[in-house]
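Asker: sequence and predicted structure below; questions after.
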Amino acid sequence: MAIVNIKGTIVTNADGGTPPQALNQARAAAARVKESADTVEVTNGDSIDSVYRLGRVHSSWRISQVIKFSDAITTAVADFGLHDIAANAGAVVDRDFFGSAVALTAADVAGTDVTHESGAAAGATQFGEVANIAKAIWQVLGLTADPNKFYDLTAMLTAAATGSGTLSVLIRYSDGN
């Protein structure tokens, strides 16, 4: 065993990294956290692959939390991920980017953090990867450059709803401003 002293990137840069006094990205160091919240109604009979668009996020943002709230929506289970916005054809980007098979079956008035629920394996393109905590969406998606575009944060049913109820999401993020 050995005693070690290890610095994270932010501390290294603040201590005079290479180049000296390298600047940290504002979305990761001393970031202002902002919020977006929205609500949809899930209806009895909504089938598997139904998509609920619950917020708009930018490729350059760092997501801190995605918290879901819901009524008890009988049998409903959903993936929480990203879709392109309607202007870009609305296709799936990553259906379980944040959460995979999250149950909506029990009332959840306190909120459940689904940000890292997908529990991705190393190298995967979900926020579940531990090393992705300070990365922007585009970096976690594994893109080579920021496409500078918006995505819709979505809940996509993996089990049909046999009951109706409210689904809400609170998104906490830093956009570097």
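Answerer: Right, received. Where do you want to start?
Asker: helix/strand/coil for residue 87?
Answerer: helix (DSSP: H, G, I helix; E, B strand; the rest coil).
Asker: count the residues that sit near it.
Answerer: 8 (other C-beta atoms under 10 Å). C-beta: built from backbone N, CA, C; applies to glycine.
Asker: next one: residue 138
Answerer: A count of neighbours around residue 138, defined by other C-beta under 10 Å, yields 19.
Asker: ok, it - contacts?
Answerer: By C-beta atoms under 8 Å, 6 or more residues apart in numbering, the contact set of residue 138 is 59-60, 145-147.
Asker: if you set the cut-off to 10 Å instead, what comes out?
Answerer: 58-61, 144-149, 151 (C-beta atoms under 10 Å, 6 or more residues apart in numbering).
Asker: out of these, who's the most crowded?
Answerer: Ranking the contacts of residue 138 using other C-beta under 10 Å puts residue 151 first, with 25 neighbours.
Asker: which helix or strand contains that one?
Answerer: For residue 151, the host element (DSSP states H and E) is strand 150-159.
Asker: now that strand - C-alpha only, CSV.
Answerer: Taking C-alpha atoms only, strand 150-159 is exported to CSV below (Å, rounded to 0.1, in the frame of the first residue of the first chain):
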residue,chain,number,x,y,z
PHE,A,150,-30.6,20.6,-29.4
TYR,A,151,-32.1,17.3,-28.4
ASP,A,152,-35.3,16.4,-26.7
LEU,A,153,-35.0,14.5,-23.4
THR,A,154,-37.6,11.8,-23.8
ALA,A,155,-39.3,8.9,-21.9
MET,A,156,-40.0,6.1,-24.3
LEU,A,157,-42.3,3.3,-23.1
THR,A,158,-40.9,-0.2,-22.9
ALA,A,159,-44.1,-1.6,-21.4
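Asker: next up, the contacts around the nearest residue to residue 175 once chain neighbours are set aside.
Answerer: Excluding the flanking residues, the one nearest residue 175 by C-beta to C-beta, 6 or more residues apart in numbering is residue 61, at 5.0 Å. With contacts defined as C-beta under 10 Å, 6+ apart, the neighbours of residue 61 are 27, 34, 136-138, 150-151, 171, 173-176.
Asker: sorry, back to before: now the strand holding residue 151: average pLDDT?
Answerer: Averaged across strand 150-159, pLDDT comes to 96.
Asker: for residue 65, which non-adjacent residue is spatially closest?
Answerer: Nearest non-adjacent residue to residue 65, counting by C-beta to C-beta, 6+ apart: residue 172, 4.1 Å away.
Asker: so that neighbour makes contact with residue 34?
Answerer: Yes: Residue 172 lies in contact with residue 34 (C-beta atoms under 10 Å); the separation is 7.3 Å.
Asker: and residue 76, how many neighbours?
Answerer: Residue 76 has 27 neighbours, counted by other C-beta under 10 Å.
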